[in-house]
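[1] give me a 3D structure for the following:
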Amino acid sequence: MSFKKSTLGMAIAASLVAGMSTAAMARDTIQIAGSSTVLPFASIVAEEFGASFPQFNTPVVGSGGSGGGLRQFCQGVGENTIDIANASRAIRAGEVENCAANGVNEILEVMFGYDGIVFASRADQGAFALTPEHVFSAAAAQVNVDGELVDNPYTRWSEIDSNLPDQEIVLVIPASNHGTREVFADNVLSPGCEANGAEGEACTTLREGGRIIEIAGDYTETLARLDAQEEAVGVFGLSFYDQNRDRLQVATVNGVTPSLETIGSGEYPVSRPLFFYVKGEHLDSVPGLAEYTEFFLGEGISGYGSPLEDAGLIPMDDAERDQALEQFQARTVVSVE
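    Just a heads-up that it's a prediction; the model follows:
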């Protein structure tokens, strides 16, 4: 199923506007939820927006993961539904359909930059130089050993590759409610499975028995797990790692150290665009919603040399940012063909 974007016509059904405007106007604060990766960026923008636009309340930013935020976003239109869903992946066809079923037809996609996904361990443990095949061999329920698919026999990283630390395999990854999980599967597990020679369900089935720990909360929970299990390796966003360099050391992937430069150039292989989704039905009813979105895309907030770059965002170039702003101002909606 493919997506298309279409420009919303000026004539929105009067009954739809009348049905939600009274309720939505009763709320004068922008409500945001979603991706834990986008959370620190959106929190910075919300505070800056509140300081720069005193006529509007400071937006309230929550977490819940990309999937959780989009579920809230698609619950309907009106005062008791959120205005923006933050996401570290693009919205899915099924989510667009769920939105439509609940009367949310004006889904405005705003891409605002890039982030990298990193593997990090405690600073007092061994240093990791990983490949996707290493990670797959640690995480999969079954792996290819000498041409035969067998139950995963590995308990220590050094058993996979003697150059890796002699540490117990404990991999702390985002649960399925996080957009980071999808990127982890697509950009790490999938090529790792191919390199290993496994195929089919073996590429997506993770091992049990406590070696894979799935975190439904945010990165602070992943960090807490590393505090509790000293040999664990966690999956984080680059920006979170940057804020915790005193406690963590980052792994290379395919010999490349993740950084703003290597992610921006595409040299580091595990990166993704970041988004937020605005509910178009609320634009004319929730004070400051349009202004917040345009403020977020401003060069001074999310461009090079901006507070978001300082916080770890890889900015878009001027042409990408201008295109994102033009699409939003035209109320270009996401739909399913």
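[2] going by C-alpha atoms from here, please, whenever you check contacts or count neighbours.
    Noted.
[3] from the contact counts, what lies against the longest strand belonging to the chain?
    The residue-count maximum for a strand in the chain (DSSP state E) belongs to strand 107-122. Judged by 3 or more CA pairs under 8 Å, 6 or more residues apart in numbering; DSSP states H and E, strand 107-122 is in contact with helix 219-228, strand 233-237, helix 238-243, strand 248-250, helix 260-265, strand 271-279, helix 318-329, strand 332-336.
[4] the second one: partners in the sheet, and parallel or antiparallel?
    The one in question is strand 233-237. Strand 233-237 has its sheet partners listed here by DSSP bridges as strand 107-122 (antiparallel), strand 171-174 (parallel).
[5] what's the offset of that strand from the middle of its chain?
    Centroid separation for strand 233-237 versus its chain: 13 Å, with CA atoms, centre = their mean, to the nearest Å.
[6] still on that earlier bit, give me the angle between the longest strand of the chain and helix 318-329.
    130 degrees (axes from the mean of the first three to the mean of the last three CA atoms, to 10 degrees).
[7] could I have strand 107-122 exported to PDB, CA atoms only?
    The C-alpha trace of strand 107-122 is given here as PDB (Å, rounded to 0.1, in the frame of the first residue of the first chain):
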ATOM      1  CA  ILE A 107      -3.000  14.500   8.800                       C
ATOM      2  CA  LEU A 108      -0.300  17.000   8.100                       C
ATOM      3  CA  GLU A 109       3.200  15.300   8.100                       C
ATOM      4  CA  VAL A 110       6.100  17.500   9.100                       C
ATOM      5  CA  MET A 111       9.700  16.200   8.800                       C
ATOM      6  CA  PHE A 112      12.100  18.300  10.700                       C
ATOM      7  CA  GLY A 113      15.500  16.500  10.800                       C
ATOM      8  CA  TYR A 114      17.400  13.300  11.300                       C
ATOM      9  CA  ASP A 115      18.700  11.200  14.100                       C
ATOM     10  CA  GLY A 116      21.000   8.100  14.500                       C
ATOM     11  CA  ILE A 117      20.400   4.900  16.400                       C
ATOM     12  CA  VAL A 118      23.400   3.900  18.400                       C
ATOM     13  CA  PHE A 119      24.500   0.900  20.500                       C
ATOM     14  CA  ALA A 120      26.000   1.900  23.800                       C
ATOM     15  CA  SER A 121      27.300   0.200  26.900                       C
ATOM     16  CA  ARG A 122      28.500   1.400  30.300                       C
END
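[8] can you check what angle separates that strand from strand 271-279?
    With the same axes, to 10 degrees defining the directions, strand 107-122 sits at 140 degrees from strand 271-279.
[9] strand 107-122: what's the following helix or strand?
    Later in the chain than strand 107-122, the nearest helix or strand by DSSP states H and E is strand 129-130.
[10] how deep is Ser259 tucked in, by neighbour count?
    Using other CA atoms under 10 Å, Ser259 is surrounded by 19 other residues.
[11] from Ile117, how far off is it?
    As judged by CA to CA, to the nearest Å, Ser259 and Ile117 stand 10 Å apart.
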